[in-house]
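[1] Fold the following.
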Amino acid sequence: MTYSRIPVADGVALNTLVQGSGSPVVLLHGFPQTHLMWRHVAADLAADHTVICPDLRGYGDSDKPDGGYDKRTMAADIVELAGQLGFPRFALAGHDRGALVAFRAGLDHPDKVTHLGILDGMSTYDTWDVLHGVSAAVAFHLYLMAQPPGLPEKLIGGAPDEFFGHFLDAWSQQGFPPDVRAAYLRASRAAVPSIVADFRATATADLAQDTVDFEAGHRFAMPVSVLHQDWGSVLGFDPRARWERWAPQLTYTAVTSGHFMAEEAPAEVIKAIRDLVG
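    As a prediction, this is how the structure comes out:
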């Protein structure tokens, strides 16, 4: 197990954990987390895969530049990262925000991504399309961080532990070990501007990119495995049907764990990734 700071673009380096050997699997974390969320899954996969777990641009111990938080740029970061490690082709799985980066990488780099795994995420196009009325309150943070620079950063920066802690508590069925929760809060507290920039891009550049691809009929060329909570019962839509529009080679699994499934139900996630990549 080794950590490295790997340069990917324009002076930006990603803090990256690499462990194991064999065919590569890249794992991308979600919000408000770091690569630490994959600790159980990575330990298992490393028995016969090279497992690559970066902190995304703007998160954890990776660099936090002023820009480059559209998912096309963040996906290019991951392709360059894998290439720097000697892997021109790789399997890729992402959770939450990492799922958005993985989604974009799969569409933009079908020659690089061999298999695509998505944990509790959807395209930006679909996410904004299904948020309606009072049920959209579950995603109030998307609207807050979509606001122009200044106000969101000040509001969140005024009480960062309360803000980020809300999601760690509300979206989990089991909670987190105290040291892990503290690590997530510490990392998020130090990254408010870049986290906001990541979410702001979801309401602008990311939505525009996804809309172009959807309307042009672009679809995933590789096998795709999606693990979801039952979003449809909350927001009133069929998530499987949404994914079938993007992924001709789709395996869809509904899970009973909370949002943080790689930590709450690692055995289910490990099985899904192993079934996907072989």
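
[2] Any chance you could give me stretch 214-234 in PDB, C-alpha atoms only?
    Provided in PDB are the C-alpha atoms of stretch 214-234 (Å, rounded to 0.1, in the frame of the first residue of the first chain):
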ATOM      1  CA  PHE A 214     -28.200  12.700 -24.200                       C
ATOM      2  CA  GLU A 215     -29.800  14.600 -27.100                       C
ATOM      3  CA  ALA A 216     -27.100  13.300 -29.500                       C
ATOM      4  CA  GLY A 217     -27.900   9.700 -28.400                       C
ATOM      5  CA  HIS A 218     -24.500   9.000 -27.000                       C
ATOM      6  CA  ARG A 219     -24.500   5.900 -24.800                       C
ATOM      7  CA  PHE A 220     -22.000   3.800 -22.900                       C
ATOM      8  CA  ALA A 221     -20.000   1.300 -24.900                       C
ATOM      9  CA  MET A 222     -18.800  -0.700 -21.900                       C
ATOM     10  CA  PRO A 223     -20.700  -2.900 -19.400                       C
ATOM     11  CA  VAL A 224     -22.300  -0.800 -16.600                       C
ATOM     12  CA  SER A 225     -23.300  -1.900 -13.100                       C
ATOM     13  CA  VAL A 226     -25.500   0.500 -11.000                       C
ATOM     14  CA  LEU A 227     -26.200   0.100  -7.300                       C
ATOM     15  CA  HIS A 228     -29.000   2.400  -6.000                       C
ATOM     16  CA  GLN A 229     -31.000   3.100  -3.000                       C
ATOM     17  CA  ASP A 230     -34.800   3.300  -3.800                       C
ATOM     18  CA  TRP A 231     -34.700   6.900  -5.000                       C
ATOM     19  CA  GLY A 232     -37.900   6.400  -6.900                       C
ATOM     20  CA  SER A 233     -40.000   6.100  -3.800                       C
ATOM     21  CA  VAL A 234     -38.800   9.500  -2.600                       C
END
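
[3] For the helix or strand where T127 lies, what is the distance to the chain centroid?
    Here T127 sits within helix 124-130, counting by DSSP states H and E. Here helix 124-130 is found 16 Å from its chain centre; the criterion is Cα atoms, centre = their mean, to the nearest Å.

[4] can you check stretch 194-203 too?
    In terms of Cα atoms, centre = their mean, the centre of stretch 194-203 is set 13 Å apart from its chain centre.

[5] swap in stretch 30-38?
    9 Å.

[6] swap in stretch 67-80?
    12 Å.

[7] now the strands: where do they sit in the stretch 51-200 of the chain?
    Listed in chain order, the strands of the stretch 51-200 of the chain (DSSP state E, counting those that start in this stretch) span 90-95, 113-119.

[8] and the ones you listed as TSV, adding distance to G278, mean pLDDT and mean neighbour count?
    All C-beta spots, glycine's among them, are computed from the backbone N, C-alpha and C. What follows is those, written out as TSV (distance: least, Cβ to Cβ, whole Å; pLDDT from 0 to 100; neighbours: other Cβ atoms under 10 Å):
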stretch	distance to G278	mean pLDDT	mean neighbour count
strand 90-95	9	98	27
strand 113-119	8	98	26
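
[9] Out of these, which gets nearest to D66?
    The closest of the strands of the stretch 51-200 of the chain to D66 is strand 90-95. By Cβ to Cβ, the value is 23.5 Å.

[10] And the contacts of the closest one?
    Here strand 90-95 makes contact (Cβ atoms under 8 Å, 6 or more residues apart in numbering) with 23-30, 33, 37, 52, 78, 82, 100-103, 105-106, 112-121, 261-262, 273, 276-277.

[11] what about 6 Å?
    With Cβ atoms under 6 Å, 6 or more residues apart in numbering as the test, strand 90-95 has contacts from 24-28, 30, 82, 101-102, 105, 113-117, 119, 273, 277.

[12] Compute the inter-axis angle for it and strand 113-119.
    Angle, strand 90-95 to strand 113-119, by axes from the mean of the first three to the mean of the last three Cα atoms, to 10 degrees: 10 degrees.

[13] I am finished for the moment; much appreciated.
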